[in-house]
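K.L.:
let's see this in three dimensions:
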Amino acid sequence: MQSASHIKILILDDDTFMLKLLTRMLTKQGYATVSSCDNGVDALKLIDHADTCPDLILLDLNMPDMDGIEFVRYLVDRQFHGSLILVSGEDERMLRTAEKLVHAHKIPMLGYLHKPVNPDKLSEIMKKWEPPSLENKPQPNKKIYRAEELQSAISNHELMNYYQPKVSVATGEVIGVETLVRWHHPTDGLVFPDRFIGIAEENHLINELTAFVLTDALAQAKIWHQSGLTLRVAINVSMDNLTSLDFQDLVVNMVTEAGLSPQKIVLEVTESQLMGADTRIPLEILTRLRLKRFHLSIDDFGTGHSSLAQLRDIPFDELKIDQGFVHRAWTDDTLRAIYDASLSMAKQLGMEVVAEGVEDQNDWELLRRTGCDLAQGNFISRPLQAADFSNWMEEWQNRLRNGLIAGFL
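P.N.:
The predicted structure follows:
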């Protein structure tokens, strides 16, 4: 890490006392090159010159004339490569919103400080600083794939299903898996679905893609069931799959031919896609599938525009709380309120609840305290190839036996 004496720091705050206080704190901590401005216009003049452009800016949010949010926009226009620390008397929700905006602009942010500033907290955040060359490496542009390439990938069996386990929060028992398709590209390596699902939907390839995923997942489910592992297998369904009444027959026939019970198949529908004006066909398909005892899951709950309407209109029996409302909900009051409300509503509707994005022990313990049904996330397991599932099962059982998962001693 670069020496503290070589880091150029700019403090931007309209409060003269705060400028002096922060300057004194930083100087005591060994930061020798500290400048300050009480308005955004003067600060931008410093940024416009290479010899005075700071490596790090301590930025107040609420200032007259040019507030901190507007100032960030000017930093983006100037392609500022340094880092930010927000310093404000605003409440936690406002600071977190500002933090998300800074991240969205791809400006490295070390954290935020509440006024009055605690010197120890300032020191702790300052230690996160790294030179811009390490923080802001240019990212290569993502390759855009053509429909012909995806069609070829389907035909040439370049797609492969991965499986992410879902476990009971109460007992640790492995209940099921979510099927997640990946593209093993011959030259680009592993390509994730966010790079090709949209292409499939836009080019009328989604039914062919979903049929592949279903075929492979059902074949794997049959292997697991024959070995005594009766997992509930979830498959993601695009809203575009639900525009043809043939889709219901396809699913039923494929499950029947595989010799599987519909009760062990979950169809996950992402609610972030709004249904079109005519909902009759999707409603008919989903209702008929539910009558045949397939499980219906509303995925990424809370991220779309019609969550409550879809819960009212479609016979879902499982709700998946989006990972954005699960991870760190134990320490974020806003996330916790959304998580609690989603969990409570699902319980009142008699639905099973899956929490996505369980990334660490703290996330897991929140689920246990609040009575969530199922958990899914990297704390439990990353998505696995089917060949690796048995080894993971053994490792998971060892974690339970060894008391590494809280509550299973």
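K.L.:
now the host helix or strand of residue 154: mean pLDDT?
P.N.:
Using DSSP states H and E, residue 154 falls within helix 147-155. For helix 147-155, the mean pLDDT works out to 96.
K.L.:
what's the answer for stretch 310-329, then?
P.N.:
Mean predicted confidence for stretch 310-329 is 91.
K.L.:
got the buried residues for that stretch?
P.N.:
Under the neighbour-count criterion of 16 or more other C-beta atoms under 10 Å, stretch 310-329 has 310-311, 314, 316-323, 325-329 buried. Just so you know, the C-beta spots here come from the backbone N, C-alpha and C atoms, and that holds for glycine as well.
K.L.:
list the contacts for residue 223?
P.N.:
The contact partners of residue 223, by C-beta atoms under 8 Å, 6 or more residues apart in numbering, come to residue 386.
K.L.:
pretty sure residue 331 is touching residue 360, no?
P.N.:
No: the criterion here is C-beta atoms under 8 Å, and residue 331 misses it with residue 360 at 10.9 Å.
K.L.:
please identify which of those two sits among more neighbours.
P.N.:
Taking other C-beta atoms under 10 Å, residue 331 and residue 360 do not tie; residue 360 has more neighbours (13 against 9).
K.L.:
quick check: mean pLDDT of the longest strand anywhere in the chain?
P.N.:
Across the chain, the longest stretch assigned as strand under DSSP state E is strand 174-185. Mean pLDDT, strand 174-185: 97.
K.L.:
one more: stretch 205-225?
P.N.:
Stretch 205-225 carries an average pLDDT of 96.
K.L.:
just to revisit the earlier point, closest to residue 201 among the buried residues of stretch 310-329?
P.N.:
residue 310 (18.7 Å; C-beta to C-beta).
K.L.:
host element of that closest one?
P.N.:
Assigned by DSSP H and E, residue 310 falls within helix 307-313.
K.L.:
pull the residues that contact the helix holding residue 154.
P.N.:
158-159, 183, 185, 196, 199-200, 202-203, 205, 208-209, 212.
K.L.:
same thing but at 7 Å, please
P.N.:
Outside helix 147-155, the residues within contact range by C-beta atoms under 7 Å, 6 or more residues apart in numbering are 159, 183, 196, 199, 200, 203, 205, 208, 209, 212.
K.L.:
which strands or helices does the next helix or strand after the longest strand of the chain pack on?
P.N.:
Counting by DSSP H and E, the element after strand 174-185 in chain order, helix or strand, is strand 189-191. Packing partners of strand 189-191 (3 or more C-beta pairs under 7 Å, 6 or more residues apart in numbering; DSSP states H and E): strand 174-185.
K.L.:
in its sheet, what does the strand it packs on sit against?
P.N.:
When pairing is defined by DSSP bridges, strand 174-185 lines up against strand 159-168 (antiparallel), strand 189-191 (antiparallel), strand 232-237 (parallel).
K.L.:
out of those strands, which is the most enclosed?
P.N.:
Highest mean neighbour count of these: strand 232-237, a mean of 23 (counted as mean count of other C-beta atoms under 10 Å).
K.L.:
give the buried residues for the next helix or strand after that strand.
P.N.:
Where DSSP H and E defines the elements, the next helix or strand beyond strand 232-237 is helix 246-257. By 16+ other C-beta under 10 Å, the buried positions in helix 246-257 come out as 247, 248, 251, 252, 254, 255.
K.L.:
could I get these as JSON lines with distance to residue 48 and pLDDT?
P.N.:
Listed next are these as JSON lines, based on distance: C-beta to C-beta, whole Å; pLDDT from 0 to 100:
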{"residue": "247", "distance to residue 48": "58", "pLDDT": "94"}
{"residue": "248", "distance to residue 48": "62", "pLDDT": "94"}
{"residue": "251", "distance to residue 48": "60", "pLDDT": "97"}
{"residue": "252", "distance to residue 48": "65", "pLDDT": "96"}
{"residue": "254", "distance to residue 48": "62", "pLDDT": "96"}
{"residue": "255", "distance to residue 48": "64", "pLDDT": "97"}
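K.L.:
of all these, which two lie farthest apart?
P.N.:
Across the buried residues of helix 246-257, the longest distance by C-beta to C-beta is 12.7 Å; it joins 247 and 255.
K.L.:
hang on, the earlier thing: rebuild the strands paired with strand 174-185 as CSV, extending it with distance to residue 395.
P.N.:
Shown next, in CSV, are these (distance: least, C-beta to C-beta, whole Å):
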stretch, distance to residue 395
strand 159-168, 11
strand 189-191, 22
strand 232-237, 21
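K.L.:
returning to that earlier point: just checking, what packs against the helix holding residue 310?
P.N.:
Helix 307-313 packs on strand 295-301, going by 3+ C-beta pairs under 7 Å, 6+ apart.
K.L.:
need the pLDDT of residue 105.
P.N.:
89.
K.L.:
thought it was touching residue 69?
P.N.:
No: counting by C-beta atoms under 7 Å, no contact exists between residue 105 and residue 69, whose distance comes to 10.4 Å.
K.L.:
are there residues contacting both of those two? Which ones?
P.N.:
Contacts common to residue 105 and residue 69, judged by C-beta under 7 Å, 6+ apart, are absent.
K.L.:
what comes up buried for the longest strand of the chain?
P.N.:
Under 16+ other C-beta under 10 Å, the buried positions of strand 174-185 are 174, 175, 176, 177, 178, 179, 180, 181, 182, 183, 185.
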